[in-house]
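Chemist: I'd like to go over a predicted model; first the sequence, then the structure.
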Amino acid sequence: MIRVVGTLPPGPGIVVAMPHVSHLDGPLLAACLPEPILWGVDPESMESQPWKAGLWLTSFLTGAEIVPLSSDRPFGYRALARRLRAGGKVGLFPEGGINRTSAPLLPFQPGAERLAQLCQVPIIPVRILGMREWIFSSAPAEKKRLVPRVRIEIEVGRFMFTLPNKDGF
């Protein structure tokens, strides 16, 4: 069961930022959003199986697009900025990778905040609760389930230009 609480606000340019605890976080959110967004993705995930197939299948089924993000190659970051300046929405995982610890959040990388400030757009925090319990998630959980109860919370009234600390998400 998946329950979505809130919606992305209309209007030009939004950075959707959410913590990452499983490989299904991005595809799950892409399937639940009313419009496709451009996702910044780790280049390794775009090149290695089975994640490569999953990303491209998600793109095909939801209309979402993906772009590789790497500090070595700035082209993905530029593609995200172009999309935001054109009034589109982009999605990022501000922790920089999957959280495989028991901590609720890892330290945030500066990319989402820099992108939002550069393009003068808000960051909309999103949380996916319940995916830690999915049996294929590497994040620790009390009980693992084949089909977890998932709740997606879109922080509607919480626009921000700076990312919160680990207690503020």
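Modeler: Right, received. Where do you want to start?
Chemist: Show me where this structure has its strands.
Modeler: Listed from the start of the chain, the chain has strands (DSSP state E) covering 2-5, 14-17, 38-41, 65-68, 89-92, 123-129, 150-154.
Chemist: Distance to Glu113 and mean neighbour count for those strands - can I get that in CSV?
Modeler: Yep, even glycine has a C-beta here, placed from its N, CA and C like the rest. Shown next, in CSV, are the strands of the chain (distance: least, Cβ to Cβ, whole Å; neighbours: other Cβ atoms under 10 Å):
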stretch, distance to Glu113, mean neighbour count
strand 2-5, 24, 14
strand 14-17, 9, 24
strand 38-41, 13, 22
strand 65-68, 18, 18
strand 89-92, 10, 25
strand 123-129, 7, 21
strand 150-154, 19, 18
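Chemist: what's the weakest-modelled helix or strand in this structure?
Modeler: helix 43-47 (a mean of 77; mean pLDDT, DSSP states H and E).
Chemist: what comes up buried for that one?
Modeler: Buried residues in helix 43-47, counted by 16 or more other Cβ atoms under 10 Å: Ser45, Met46.
Chemist: so what does that helix touch, helix or strand wise?
Modeler: Packing partners of helix 43-47 (3 or more Cβ pairs under 8 Å, 6 or more residues apart in numbering; DSSP states H and E): helix 51-62, strand 65-68.
Chemist: So, low pLDDT: which residues of the protein?
Modeler: 1, 49, 156-169 (pLDDT under 70).
Chemist: ok, now with 80
Modeler: For the chain, the stretches with pLDDT under 80 are 1, 10-11, 23, 44-54, 71, 73, 95-109, 137-139, 155-169.
Chemist: isn't Gly63 right up against Ile37?
Modeler: No: Gly63 lies out of contact with Ile37 (Cβ atoms under 8 Å); the separation is 9.1 Å.
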